[in-house]
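A.B. asks: predicted model, plus sequence, below.
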Amino acid sequence: MQTALDLSDYNPAVDLARAETMPARWYIEPDFLSLEAEKIFYRTWQPIGRLEDVMRIGDYFSCELLDQPLVIVRNHAGALRAFYNVCAHRAAVVAQGRGNRKSLQCRYHGWTYDLDGKLMRAPEFEGVENWRAEDVCLKPVRVEAWGPWVFVNLDPAADPLASNYGAIANEISAAGFRLDMMRLIERRDYLIDCNWKVYVDNYLEGYHLPIAHPGLFRELDYDQYRVETHRLYSKQHAPIRAVEPGEVRDRRYARSGAAEENALYYWMGITYFSTQTTLDDLDFRGYHCSYIQG
């Protein structure tokens, strides 16, 4: 059982003028990461891969959520399934990398499972008593798809993805973005040597835009930049700035006609950035992909 941590050295303030950064020990003490894994990462919907990698029956990919090995697969009924990537015998993995298979097989003793996680074959187990192959299966994990992404939740009792983030889907749709048409155009991996909260702290403030992101700063109406906080996510948004008369600087986006086109940013364990044509995602591992609406 997780030992209760002393959190008395931090008192969050509703008044932003009195707000302070969390104590340094919250970022560096190992017990905090263990608690965060239990309370946050293992109980919330986390992006784990791309839907395009599991479109056909038998498509699969292996992955990890923190220290938990997982495998995502498209079963013979065409449904997405997710399991802990752990054989019920000696805990070896049953899938590596990505590809297409008719079954999942442990490469240690050859135990073979169907695409619904049920044990099909256990070599040389004939005659073993007090054991039935039909009672053995891979441990399932909650899995859902949204737009071009696959999400998992390690909590069997978790609410559906839509109940947590349905408002985001509605807002994106209302803004004219088609998540189902997003396609991967580039992947970049960044290894960021810091506690994940340090990265989140920096992401969640727009204070650095004028200096750190001058190109983006030129695009946005910075005076209208707003942050809205919700129970399970935050939303940052600003209108795309109108082109001023006589403006000759290069602009990637420009508001046209009466449309109030916005840049939308959502923090929900993954970063969502939406403008008229792109949507980027970045999770806590520093995994970055760019998508284009085609």
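C.D. replies: Perfect, I can see it now.
A.B. asks: Arg231 and Ile185: what is the separation?
C.D. replies: Distance of Arg231 to Ile185, computed by C-beta to C-beta, to the nearest Å: 33 Å. For every residue, glycine as well, the C-beta is placed using N, CA and C.
A.B. asks: those two: who's more crowded?
C.D. replies: Neighbours of Arg231 and Ile185, each counted by other C-beta atoms under 10 Å, are more numerous for Ile185; the result is 11 against 6.
A.B. asks: pLDDT (mean, whole number) over the helix or strand encompassing that one?
C.D. replies: Mapping Ile185 onto the secondary structure by DSSP states H and E places it in strand 182-189. The pLDDT scores in strand 182-189 average 84.
A.B. asks: quick one: low-confidence ranges for the stretch 151-294 of the chain?
C.D. replies: Scanning the stretch 151-294 of the chain for pLDDT under 70 picks out 246-261, 269-294.
A.B. asks: and the helices in it, which stretches?
C.D. replies: With DSSP state H, counting those that start in this stretch, the ranges of helices along the stretch 151-294 of the chain come out as 161-174, 196-203, 209-212, 214-219.
A.B. asks: hmm, who's touching the first one?
C.D. replies: By C-beta atoms under 8 Å, 6 or more residues apart in numbering, the residues outside helix 161-174 that reach it are 44-45, 144, 146, 151, 153, 179, 230, 232-233, 235, 264, 266, 268, 272, 274.
A.B. asks: now that helix, how far from the chain's geometric center?
C.D. replies: 15 Å (C-alpha atoms, centre = their mean, to the nearest Å).
A.B. asks: give me the buried positions along it.
C.D. replies: 161, 164-165, 168, 171-172 (16 or more other C-beta atoms under 10 Å).
A.B. asks: Leu35 belongs to a helix, doesn't it?
C.D. replies: Yes: Leu35 sits within a helix when classified using DSSP: H, G, I helix; E, B strand; the rest coil.
A.B. asks: so it touches Leu5, yeah?
C.D. replies: Yes: with contact defined as C-beta atoms under 8 Å, Leu35 counts as touching Leu5 (6.0 Å).
A.B. asks: quick one on the thing from earlier: among the helices of the stretch 151-294 of the chain, which comes closest to Ile240?
C.D. replies: helix 214-219 (6.0 Å; C-beta to C-beta).
A.B. asks: re the thing from before, need the buried ones from the contacts of helix 161-174 selected in PyMOL.
C.D. replies: PyMOL command restricting the contacts of helix 161-174 to the buried ones, with burial defined by 16+ other C-beta under 10 Å:
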select buried, resi 44+45+146+151+153+179+233+235+264+266+268+272+274
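A.B. asks: I'd like to know which of the contacts of helix 161-174 is nearest to Trp26.
C.D. replies: For these, the nearest to Trp26 is Thr44 (18.6 Å; C-beta to C-beta).
A.B. asks: how close does that closest one get to Gly117?
C.D. replies: 23 Å.
A.B. asks: Leu35 and Leu5: which is more packed in?
C.D. replies: Leu35 (17 against 13).
A.B. asks: any low-confidence regions in the stretch 1-150 of the chain?
C.D. replies: By pLDDT under 70, the low-scoring segments of the stretch 1-150 of the chain are 1-3.
A.B. asks: quick one, strands of it?
C.D. replies: In the stretch 1-150 of the chain, the segments counted as strands under DSSP state E, counting those that start in this stretch are 46-50, 59-65, 68-74, 80-84, 98-100, 104-105, 112-113, 119-121, 140-146, 149-153.
A.B. asks: which strands and helices sit next to the second one?
C.D. replies: Contacts defined by 3 or more C-beta pairs under 8 Å, 6 or more residues apart in numbering; DSSP states H and E place strand 59-65 against strand 46-50, strand 68-74, strand 98-100.
A.B. asks: out of those strands, flag the one nearest Tyr203.
C.D. replies: When the helices and strands packed on strand 59-65 are compared by C-beta to C-beta, strand 46-50 sits nearest Tyr203, at 15.2 Å.
A.B. asks: strands paired with that closest one, and their directions?
C.D. replies: Taking DSSP bridges as the criterion, strand 46-50 sits next to strand 149-153 (antiparallel) in its sheet.
A.B. asks: what about the partner strand, distance to the chain center?
C.D. replies: The chain centre lies 7 Å from the centre of strand 149-153; the measure is C-alpha atoms, centre = their mean.
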